[in-house]
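> Structure here, sequence nowhere to be found:
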Ligand SMILES: O=C(O)CCC(=O)C(=O)O
Ligand SMILES: [Fe+2]
């Protein structure tokens, strides 16, 4: 898949794979318990995944993505397909040609499991818009970031127990950390009404 993304950007197939030798990729197993009172309330709030891309296997509907017009739309549920979400690293490498997939999960009445595989690049990779794309676009739209620092910075700004530790000064954001919600379609449509 990394080869396919590189080819789609007009690059040589192995271009991005050089940065994938020992990636801290994670497979997460998520259980959304049965909730008979759930209506259309939000489950997991709007976010983009922090890595290169995510392969997702859900067992029931509930996933929504934001389209280019800033509208939330349902991802059609199929039990014979994986969902592929673009992650932050591909948005930055591609200088915005790929936009990280903003997504969220509705609270649904049926029990739901979901298995995302967050496909990362190497921890120490400095991710910056690729020179070929900066030349093509005439400028870089994103400052560089360190892949591992980005995962750490986004994680400690997302999970409540870590946000509390951050607020108490027990842990700190790495230099150059991006605020959460600055990438993806919801980053672009931040100021428009939902
Ligand atoms: O449950 C899902 O379908 C998505 C979960 C998700 O977006 C995440 O864990 O990052
Ligand atoms: Fe996600």
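It's in. It should be emphasised that the depicted structure is a prediction, and the values quoted were computed from it without experimental measurement. Numbers count the residues shown, from 1 in each chain. Ligands and ions are numbered 1, 2, ... in the order given.
> Ramachandran coordinates for residue 162?
Dihedral pair for residue 162: phi -80, psi -40, per degrees, to the nearest 10.
> For the closest residue to it other than its chain neighbours, give me the pLDDT.
Among residues not flanking residue 162 along the chain, residue 156 sits closest, at 4.2 Å (Cβ to Cβ, 6 or more residues apart in numbering). In this view, the C-beta of every residue, glycine as well, is placed from N, C-alpha and C. We note a pLDDT of 93 for residue 156 in this prediction.
> Remind me which helix or strand residue 156 belongs to.
helix 147-158 (DSSP states H and E).
> just to revisit the earlier point, separation between the residue nearest to residue 162 and residue 51?
As judged by Cβ to Cβ, to the nearest Å, residue 156 and residue 51 stand 16 Å apart.
> what does residue 67 give?
22 Å.
> quick one: which of the two has more around it?
residue 51 (27 against 11; other Cβ atoms under 10 Å).
> That one is in contact with residue 91, isn't it?
No: contact between residue 51 and residue 91 fails when scored by Cβ atoms under 8 Å: they sit 11.2 Å apart.
> Give me the common contacts of the two.
Counting by Cβ atoms under 8 Å, 6 or more residues apart in numbering, residue 51 and residue 91 have no common neighbour.
> who are the neighbours in contact with residue 59?
Counting by Cβ under 8 Å, 6+ apart, residue 59 touches 79, 112-114.
> That should have said residue 114, apologies.
30, 32, 56-59, 63, 105.
> Make TSV from those and add pLDDT to it.
Below are those laid out as TSV (pLDDT from 0 to 100):
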residue	pLDDT
30	92
32	88
56	97
57	97
58	96
59	95
63	95
105	92
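> Find the nearest non-adjacent residue to residue 174, please.
Closest to residue 174 by Cβ to Cβ, 6+ apart is residue 149, at 4.0 Å.
> tally of neighbours for the one you found?
Counted with other Cβ under 10 Å, residue 149 comes out at 19.
> tell me the pLDDT at it?
pLDDT, residue 149: 96.
> doesn't residue 156 make contact with it?
No: Residue 149 is beyond contact range of residue 156, at 10.7 Å (criterion: Cβ under 8 Å).
> How about the residues of this protein by ligand 1?
Residues of the chain lying close to ligand 1 by Cβ under 6 Å from any ligand atom are 28, 30, 44, 49, 56, 58, 63, 103, 105, 114, 116.
> Show the contacting residues for the closest residue to the fourth one other than its chain neighbours.
It stands for residue 49. Among residues not flanking residue 49 along the chain, residue 87 sits closest, at 4.4 Å (Cβ to Cβ, 6+ apart). By Cβ under 8 Å, 6+ apart, the residues touching residue 87 are 48-54, 100-101, 118-119.
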